[in-house]
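Student: just need the structure, nothing else, for what follows:
(chains A, B, C and D)
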Protein chains: 2
Amino acid sequence: MADAEGRRSHRAGPAAGRVKMAEVAQAAGVSPASVSRALKDPESVSPDILARVHAAADRLGYSRNRIASSMAGARTPIIAIIVPTLTNAFFSRTIQSISGKIAPLGHQLMIGVHEYDQAQEESLIQSFLDWNPMALIVTGLHHSRGSTALLARAPCPVIEMWDYDKRPIDSVIGCSMDVAGRMVARHLIQKGRRNLIFAGHMLDRDPRAAARAAAFLGEVERYPEVTAEVLSLEGRNADAGYKMSEVIRRDHPDADGVAFSGDLIAIGALAGFSAMGVRVPEDIAVIGYGDLDPSGFSQPPLTTLRPPHHEMGAEVARHLLARLENPDHPSEMIDLGFRLIERATT
Amino acid sequence: MADAEGRRSHRAGPAAGRVKMAEVAQAAGVSPASVSRALKDPESVSPDILARVHAAADRLGYSRNRIASSMAGARTPIIAIIVPTLTNAFFSRTIQSISGKIAPLGHQLMIGVHEYDQAQEESLIQSFLDWNPMALIVTGLHHSRGSTALLARAPCPVIEMWDYDKRPIDSVIGCSMDVAGRMVARHLIQKGRRNLIFAGHMLDRDPRAAARAAAFLGEVERYPEVTAEVLSLEGRNADAGYKMSEVIRRDHPDADGVAFSGDLIAIGALAGFSAMGVRVPEDIAVIGYGDLDPSGFSQPPLTTLRPPHHEMGAEVARHLLARLENPDHPSEMIDLGFRLIERATT
DNA sequence: TATTTTCTTGAAAGCGCTTTCTTAGATTGC
DNA sequence: GCAATCTAAGAAAGCGCTTTCAAGAAAATA
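Tutor: Purely as a prediction, here's the structure:
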């Protein structure tokens, strides 16, 4: 019999060989319960035990198995966050800022990327929920029916970020795509432009960009003398913007103002216009969206709408922490607004 | 007695109220063991049971508690990844690419950001290990002593990425910083430049940038007629680059070639030179590092060294999957190399 | 000194699954 | 037709912690 010859490992997993709490308890001459208490709530234990436990734990190189800990306790210190992409500085910056705030508190960030695919988003939500996270952060207010249902009955706070217009499931922290689209249109119109274009990428998949385009059109309708059209292109980087400028030049030669759905495209387009000898802003005004790092250093420097980059992460983290600390903390709806950064392209 | 009046919840956690496997088993009229088998290894049960279990699970809206599952089984389907920042497109792109490959297999990505702080990196490694991840991916080959020790005895594959020179702890997939620094120096020298500058940011904290700077200097030493100096500045975006150009102009008026440690700084500097009337590349040649999205669209388009952006994520994911599938899969050392993208600034 | 109250500590019962181990039933061989 | 072999399903033992509960010791009150 295997048992007769001592301990027999049930099976060998990654945890095999790790020091466990019982060993620390034995080494310290106390019960496992005391080790648990000493490690998690030092106040609740006598100084003598505290010292012995720490000594033993240090000597043995013990560190708590989070899985077991989550299993036994009711809470899993995981914050799940779902974004469309990490390629966009908006989201990666937000995540970084959240991460910086919660890591010191012992929470872990679990990240999911759905690449603007609603079905993928839904399956991410599902699998994240299976981890019993302490909170779930998703991007935007538009989700599939399934996702919405899942989020609605999630047993933890749900924060929707980077949007504002629709009613949230729980909390929403972001900025209004409708306002964004209108601000951009109004700016171009104020600059005297009359033949406008909204040039976006993947408007069929990115609901927030689509909402901005719709609002852009909606705003223009209030000015009978102004026309506007929405163009959508493939890809979503500076290359695509370059090509876009050629399309605009060719198919819309009388356009005198373009709003791009992102700064990177705008920067590519600026290079394209320059190569074709189209003068910006004399011949055509250009406005972007995002105010990315390089946007102020394009030639000419790009006018753009700056979403609340920094506030976003900070506010989400703040709200998150408040709700984790106090389960009765109410949901919130926070509109962080925009700032129009006027530089040389309009 | 509470027990007398039926089930009593030990305590109410986030999992409270969730359907559990036992309920599915009861609804399907089978044992919990069969439910577990039906869900995880459909082949191992009869079609009849399989069908009943699935029907019951669907009806009850059951989904497996991953924490409990990880606790009971030996494996936790978590891939932990630690990067210095998410703000840098290198890392966020790599993460996105890994995420895309592993999510369909049911693994979760846990992300940690240490912001170029070794102590923080160490504590991230420690806490990630506490989750029993299936693999740990870290950035670079330079870690604190503590981190190195932790990684060396990690019970899972450890992949170091985005570097190559030093000996890895386990596997390394990346590109050589030494090669990068030398390629950049050589390019400038080949273009006839003799008074070189390596302008970096946070060289004291970013060991990879520091390694490139050192290699740059090392290469220059082989050319007696060439001089070189390393400058380090605060911040790390286009703004800083703009200011840097002024510093270079003022303190090193005879410099005729600059290598920036990142494209964003280079782009800022390009704007700065242009504003000061310094002609690029006539008066001074500029080369960047990174080949970011906007780099090809600066004015003039930036010459830069392109690290293996895309291959990096793909290779890490491939290697990861191979090792997860087959625990005996050997460690690998993969050097992905660079490509010099010559555009107009040199 | 006797009695109540407070504080520490240990024993033990799970948390919700997975995985042996075991047994009952179906299949096959001689 | 009965023993030997195989298969499918259930029983039960944990995985490593946390937390309740109970008991004993110490402190406070009478």
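Student: near DNA strand C, which residues of the stretch 1-150 of chain A?
Tutor: A:10-11, A:29-34, A:37, A:44-46, A:48-49, A:71-72 (Cβ under 7 Å from any atom of the strand). Every residue, glycine included, has its C-beta placed from N, CA and C.
Student: got the phi and psi for the closest residue to residue A:227 other than its chain neighbours?
Tutor: Sequence neighbours aside, residue A:195 is the residue nearest to residue A:227 in space, at 5.5 Å (criterion: Cβ to Cβ, 6 or more residues apart in numbering or on different chains). When read as degrees, to the nearest 10, the backbone of residue A:195 gives phi -110, psi 100.
Student: next one: residue A:60
Tutor: Per degrees, to the nearest 10, the backbone of residue A:60 is at phi -90, psi -10.
Student: give me the number of residues near it?
Tutor: By the criterion of other Cβ atoms under 10 Å in any protein chain shown, residue A:60 has 15 neighbours.
Student: now swap in residue A:244 and tell me
Tutor: If we define neighbours as other Cβ under 10 Å, then residue A:244 has 26 of them.
Student: tally of neighbours for residue A:310?
Tutor: Residues within reach of residue A:310, counting by other Cβ under 10 Å, total 12.
Student: just residue A:276 next, same as before
Tutor: 14.
Student: in which helix or strand would I find the residue sitting nearest the centre point of chain A?
Tutor: Nearest to the geometric centre of chain A sits residue A:91, at 4.0 Å (Cα atoms, centre = their mean). Following DSSP states H and E, one finds residue A:91 within helix A:89-102.
Student: same check, this time on residue A:269
Tutor: helix A:263-276.
Student: helix or strand right after that helix?
Tutor: strand A:285-289.
Student: for that following strand, packing partners?
Tutor: helix A:177-190, strand A:257-260, helix A:263-276, strand A:303-306 (3 or more Cβ pairs under 8 Å, 6 or more residues apart in numbering or on different chains; DSSP states H and E).
Student: mean confidence score for it?
Tutor: The average pLDDT for strand A:285-289 rounds to 98.
Student: that strand to helix A:89-102, inter-axis angle?
Tutor: Using axes from the mean of the first three to the mean of the last three Cα atoms, to 10 degrees, the direction of strand A:285-289 lies 30 degrees away from that of helix A:89-102.
Student: got a list of contacts for strand A:285-289?
Tutor: A:180, A:184, A:187-188, A:191, A:193, A:212, A:256-263, A:265-267, A:269-270, A:273, A:280, A:295, A:302-305, A:307, A:345-346 (Cβ atoms under 8 Å, 6 or more residues apart in numbering or on different chains).
Student: so who does residue A:317 touch?
Tutor: A:97-98, A:100-102.
Student: with residue A:43 instead?
Tutor: By Cβ under 8 Å, 6+ apart, residue A:43 has no neighbours at all.
Student: distance of it from residue A:49?
Tutor: 12 Å (Cβ to Cβ, to the nearest Å).
Student: residue A:141 and residue A:162 touch, don't they?
Tutor: No: Residue A:141 lies out of contact with residue A:162 (Cβ atoms under 8 Å); the separation is 9.0 Å.
Student: three-state assignment of residue A:216?
Tutor: helix (DSSP: H, G, I helix; E, B strand; the rest coil).
Student: chain neighbours aside, what residue packs nearest to it?
Tutor: In space, residue A:216 is closest to residue A:181, 4.1 Å off (Cβ to Cβ, 6+ apart).
Student: who's in contact with the one you found?
Tutor: A:198, A:211-219.
Student: that one and residue A:118: what is the separation?
Tutor: In this view, residue A:181 and residue A:118 are 22 Å apart by Cβ to Cβ.
Student: and for residue A:145?
Tutor: 9 Å.
Student: neighbour count for the two, which is higher?
Tutor: Neighbours per residue, other Cβ under 10 Å: of residue A:145 and residue A:118, the larger number sits with residue A:118, 16 against 9.
Student: so for that one, what's the pLDDT?
Tutor: pLDDT, read off for residue A:118, is 97.
Student: contact partners for it?
Tutor: Residue A:118 neighbours (Cβ under 8 Å, 6+ apart): A:143-144, A:147.
Student: one more pass at 6 Å, please.
Tutor: residue A:144 (Cβ atoms under 6 Å, 6 or more residues apart in numbering or on different chains).
Student: report the residue spans of the stretch 151-300 of chain A with pLDDT below the cut-off.
Tutor: A:236 (pLDDT under 70).
Student: rerun at 50
Tutor: The stretch 151-300 of chain A contains no residues with pLDDT under 50.
Student: could you give me the buried positions within the helix or strand harbouring residue A:67?
Tutor: Take DSSP H and E as the rule and residue A:67 turns out to sit in helix A:66-72. Judged by neighbour count (16 or more other Cβ atoms under 10 Å in any protein chain shown), helix A:66-72 contains these buried residues: A:66-71.
Student: does the helix or strand hosting residue A:54 come close to chain B?
Tutor: Assessed by DSSP H and E, residue A:54 sits inside helix A:47-60. No: using Cβ under 6 Å from any Cβ of the partner chain, we find that helix A:47-60 stays clear of chain B, coming within 13.0 Å at best.
Student: tell me if I am right that residue A:244 is in a helix.
Tutor: Yes: Residue A:244: assigned to a helix according to three-state DSSP.
Student: near DNA strand D at all, stretch A:21-34?
Tutor: Yes: contact of stretch A:21-34 with DNA strand D (Cβ under 7 Å from any atom of the strand) involves A:21-22, A:32-33.
Student: which of these has the most neighbours?
Tutor: residue A:21 (19 neighbours).
Student: from what I can see it touches residue A:31, true?
Tutor: No: contact between residue A:21 and residue A:31 fails when scored by Cβ atoms under 6 Å: they sit 10.1 Å apart.
Student: what's the angle between the longest helix anywhere in chain A and helix A:89-102?
Tutor: Among the segments of chain A that qualify as a helix by DSSP state H, the longest is helix A:309-325. Angle of helix A:309-325 versus helix A:89-102, following the same axes, to 10 degrees, is 40 degrees.
Student: tell me the first helix or strand C-terminal of helix A:309-325.
Tutor: strand A:333-335.
Student: name the residue of the stretch 201-346 of chain A that lies nearest to DNA strand C.
Tutor: residue A:327 (18.0 Å; Cβ to the nearest atom of the strand).
Student: can you get me a residue count around that residue?
Tutor: 8.
Student: just the pLDDT for it.
Tutor: On the pLDDT scale, residue A:327 gets 87.
Student: same thing with residue A:80?
Tutor: Per-residue pLDDT puts residue A:80 at 97.
Student: I'd say it and residue A:128 touch.
Tutor: Yes: shown here, residue A:80 and residue A:128 form a contact pair, counting by Cβ under 6 Å, at 3.8 Å.
Student: could the helices and strands packed on strand A:285-289 be laid out in JSON lines, adding distance to residue B:341?
Tutor: Shown next, in JSON lines, are the helices and strands packed on strand A:285-289 (distance: least, Cβ to Cβ, whole Å):
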{"stretch": "helix A:177-190", "distance to residue B:341": "33"}
{"stretch": "strand A:257-260", "distance to residue B:341": "24"}
{"stretch": "helix A:263-276", "distance to residue B:341": "15"}
{"stretch": "strand A:303-306", "distance to residue B:341": "26"}
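Student: thanks a lot, see you next time.
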